[in-house]
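Here's a sequence, model it:
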Amino acid sequence: MELRVLFSDDPAFLLSRAGVFLSSQPVLHNLVLSILHARVAQSDPGRYWMAIQQDDTVGLVVQSPLTFPATMTLMERPVATAMADAIAEAGIDLPGINGEAATAARFAGQWSEHSKSAATPFQGNRLYELLEIGEVPEVEGKLRQADPDERSLMILWTRAFQHEIGESDNDTEVRVDRGLAAGQLWLWDRRGEAVSMAVSRELLYGVVRLSGVYTPTEKRKHGFAAACVLALSKQLHDAGYRCILYTDLGNPTSNSIYRRIGWQKLSAIASSNVEPEGSSQAADLSIVRHAECAGINRFLESPLALRQEILYSPM
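Numbers count the residues shown, from 1 in each chain. Modelled structure (predicted):
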């Protein structure tokens with residue numbers, strides 16, 4: 001069966017053409033859906049690829065902003081390799097790769113062979129969904145929305161969160177302003193003092209993704225973040241929405257806390273940096289080649305990735 005890869009710089013076209021595919025698994029496709037909807041609303045530049053087989057969409061790769069890694073949907077091996085070949089043949093330099101662990105490994109292996117670049121894993125994440133409310137922590141305080149007059153605090157905390165996860169803070173103020181306007185910034189309030197923060201992303205196909213969970217260093221180890229996330233996710237869950245979030249596999253404490261309060265693991269996400277041809281990293285492609293030959297566990301073997309439960313777990 002013929003497999004075609006189409007390129008577009010129009011996110012609205014992908015949402016229209018691949019709508020059935022994206023809505024078929026709204027939890028697993030939420031991150032890609034969020035990127036596409038945000039780019040339609042904000043008109044930021046981007047690159048978008050769609051794999052089509054017998055007129056059906058079978059995979060997507062999105063890159064926006066153009067300095068960000070390419071983020072991809074779950075794809076079968078032939079689709080992932082075809083995507084990597086098409087993007088490499090177009091002369092595109094990708095700074096990184098992000099996606100479901102097995103798909104990311106397949107793409108990275110083919111990309112490295114084709115472009116003579118090295119893809120070096122640097123982070124592993126876990127996608128969770130709240131299926132039922134588990135252990136409820138007894139923590140003083142209550143959930144509330146952030147007020148506009150707390151903008152400076154939200155900027156300070158959001159920037160600190162971005163620094164902790166190694167993310168650019170070039171858009172911090174814009175991000176906070178949009179979050180405040182949309183009512184997406186939430187706080188855990190203890191006796192009138194904000195002590196922890198969480199963000200509820202745009203509702204897409206019945207799914208809300210929580211992100212930006214942050215507690216200032218001096219207020220940690222009191223359960224504020226867990227209480228904030230549980231209260232927010234319960235509020236959304238009771239309203240009939242599916243709630244998801246991503247965690248860093250290198251932080252076993254947060255992973256165990258989320259599981260205790262009712263979050264169920266779905267899949268592992270791998271992130272890799274791409275080194276161009278001629279760099280010291282590009283000379284040795286053993287990591288990604290071994291990922292293709294020996295499996296995804298080896299691909300994710302790095303000090304920043306937890307060496308447990310890496311293989312993809314279906315819903």
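
Buried ones in stretch 49-64, by neighbour count?
49-53, 57-64 (16 or more other C-beta atoms under 10 Å). All C-beta spots, glycine's among them, are computed from the backbone N, C-alpha and C.

residues making contact with that stretch?
The contact list for stretch 49-64 (C-beta atoms under 8 Å, 6 or more residues apart in numbering) reads 1-8, 11, 14, 17-18, 20-22, 32, 35-36, 39, 44-48, 69-76, 79-80, 82-83, 86-87, 94, 107.

returning to that earlier point: need the buried residues of stretch 49-64 in TSV with distance to Asp149 and secondary structure, can you?
As requested, the buried residues of stretch 49-64 are exported to TSV (distance: C-beta to C-beta, whole Å; DSSP: H, G, I helix; E, B strand; the rest coil):
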residue	distance to Asp149	secondary structure
Trp49	43	strand
Met50	44	strand
Ala51	47	strand
Ile52	49	strand
Gln53	53	strand
Thr57	45	strand
Val58	48	strand
Gly59	45	strand
Leu60	40	strand
Val61	41	strand
Val62	36	strand
Gln63	37	strand
Ser64	32	coil
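
For stretch 210-220, buried residues please.
Neighbour-count burial for stretch 210-220 flags Leu210, Ser211, Gly212, Val213, Tyr214, Thr215, Pro216 (criterion: 16+ other C-beta under 10 Å).

again with stretch 4-12
Neighbour count says stretch 4-12 has Val5, Pro11 buried, by 16+ other C-beta under 10 Å.

measure that stretch end to end?
For stretch 4-12, the first-to-last residue distance is 19 Å (C-alpha to C-alpha, to the nearest Å).

and it, average pLDDT?
For stretch 4-12, mean pLDDT rounds to 96.

so how far is it off the chain centroid?
The gap between where stretch 4-12 is centred and where its chain is centred comes out at 21 Å by C-alpha atoms, centre = their mean, to the nearest Å.

Can you pull out the residues in contact with that stretch?
Applying C-beta under 8 Å, 6+ apart, the contact partners of stretch 4-12 are 14, 35-37, 39-40, 45-53, 62, 64, 82-83, 86, 90.

same check, this time on stretch 234-249
Contact with stretch 234-249 is made by 26-27, 30, 123-130, 133, 143, 165, 200, 203, 206-211, 213, 229, 233, 254-255, 258, 263, 266, 268-269, 305-306, 308-310, as judged by C-beta under 8 Å, 6+ apart.

Are we agreed that Ala102 is in a helix?
Yes. Under DSSP: H, G, I helix; E, B strand; the rest coil, Ala102 sits within a helix.

how deep is it tucked in, by neighbour count?
For Ala102, the neighbour count with other C-beta atoms under 10 Å is 23.

before we move on, what about the one 4 residues further on?
Using other C-beta under 10 Å, Arg106 has 27 neighbouring residues.

In space, what's closest to it - neighbours in sequence excluded?
Spatial nearest neighbour of Arg106, excluding adjacent residues (C-beta to C-beta, 6 or more residues apart in numbering): Ala80 at 4.0 Å.

Touching, that neighbour and Thr103? I think so.
Yes. Using C-beta atoms under 8 Å, Ala80 makes contact with Thr103 at a distance of 5.3 Å.

so what sits against both of the two?
Shared contacts of Ala80 and Thr103 (C-beta under 8 Å, 6+ apart): Met72.

Residue ranges in the stretch 201-315 of the chain under the pLDDT threshold?
Residue ranges of the stretch 201-315 of the chain with pLDDT under 70: 276-315.

Tell me where it has helices.
For the stretch 201-315 of the chain, the helices defined by DSSP state H, counting those that start in this stretch cover 224-238, 252-260, 286-294, 296-299.

Out of the buried residues of stretch 210-220, the closest to Ala118 would be?
Taking C-beta to C-beta as the measure, Ala118 sits nearest to Ser211 out of these, at 29.3 Å.
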